[in-house]
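S.K.: got a predicted structure here, sequence first:
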Amino acid sequence: MPKPVVLDTNAVIHFVQALDMPKFEIVAQTLNNNQCYVPVEVIVETVYILNDRFRNDREIIAAKLKDFIAIQDGLVPETNAIAFGLNLYASSKLDFVDCLLAGYAKVKRCLVLTFDSGLKKELAGQAYLP
């Protein structure tokens, strides 16, 4: 049985931005022919780069990455929490990590300990208050 292929941020960026067609094709073929895995950290870094370096707006980033994570079952861990976080990111001013934490709270029914007032407001009853 072949080993899964872990995609790094560069690979994800080349795929979702279609920056360089030969590299895009390599990533596409890898996704088509292998079980792939993208760590949550890579998704977080990808959001940052798409926003900071490529100046994509939040809605475009969310749409591109939701389409990407749906390509293959098991491609990213916590798919539902990430999708929730991407939806929130597209419609709010929170940074993506806060949106992802809200996704964990909503999808996994976790409590989140935070001192961030914007995140507390989003979490409502799911903020941990010791």
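M.R.: Nice, thanks for sending it over. Residues are numbered from 1 along each chain as shown.

S.K.: just the C-alphas of the helix-or-strand element of the chain with minimal mean pLDDT, formatted as PDB.
M.R.: Here the helix or strand of the chain ranked lowest by mean pLDDT, DSSP states H and E is helix 117-123, holding a mean of 94. Taking only C-alpha atoms (Å, rounded to 0.1, in the frame of the first residue of the first chain), the coordinates of helix 117-123 have been written out as PDB:
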ATOM      1  CA  SER A 117     -13.300  40.200  23.000                       C
ATOM      2  CA  GLY A 118     -14.200  39.600  19.300                       C
ATOM      3  CA  LEU A 119     -13.800  35.900  19.600                       C
ATOM      4  CA  LYS A 120     -15.700  35.800  23.000                       C
ATOM      5  CA  LYS A 121     -18.600  37.600  21.200                       C
ATOM      6  CA  GLU A 122     -18.600  35.000  18.400                       C
ATOM      7  CA  LEU A 123     -18.400  32.100  20.800                       C
END
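
S.K.: could I get the contacting residues of Leu88?
M.R.: Contacts for Leu88 (Cβ atoms under 8 Å, 6 or more residues apart in numbering) come out as 94, 99, 102-103, 122. All C-beta atoms are positioned from the backbone trio N, CA, C, and that covers glycine.

S.K.: need those residues in a markdown table with distance to Ala28, can you?
M.R.: Shown next, in a markdown table, are the contacts of Leu88 (distance: Cβ to Cβ, whole Å):
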| residue | distance to Ala28 |
| --- | --- |
| Leu94 | 32 |
| Cys99 | 27 |
| Ala102 | 31 |
| Gly103 | 27 |
| Glu122 | 35 |
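
S.K.: and Asp52, how far from Asp8?
M.R.: Distance, Asp52 to Asp8, using Cβ to Cβ, to the nearest Å: 17 Å.

S.K.: compare the two (neighbour count), which wins?
M.R.: The neighbour comparison of Asp52 against Asp8 (other Cβ atoms under 10 Å) goes to Asp8, with 13 against 9.

S.K.: next one: that one from Val44, what distance?
M.R.: Asp8 sits 13 Å away from Val44 when distances are taken as Cβ to Cβ.

S.K.: all set now, cheers.
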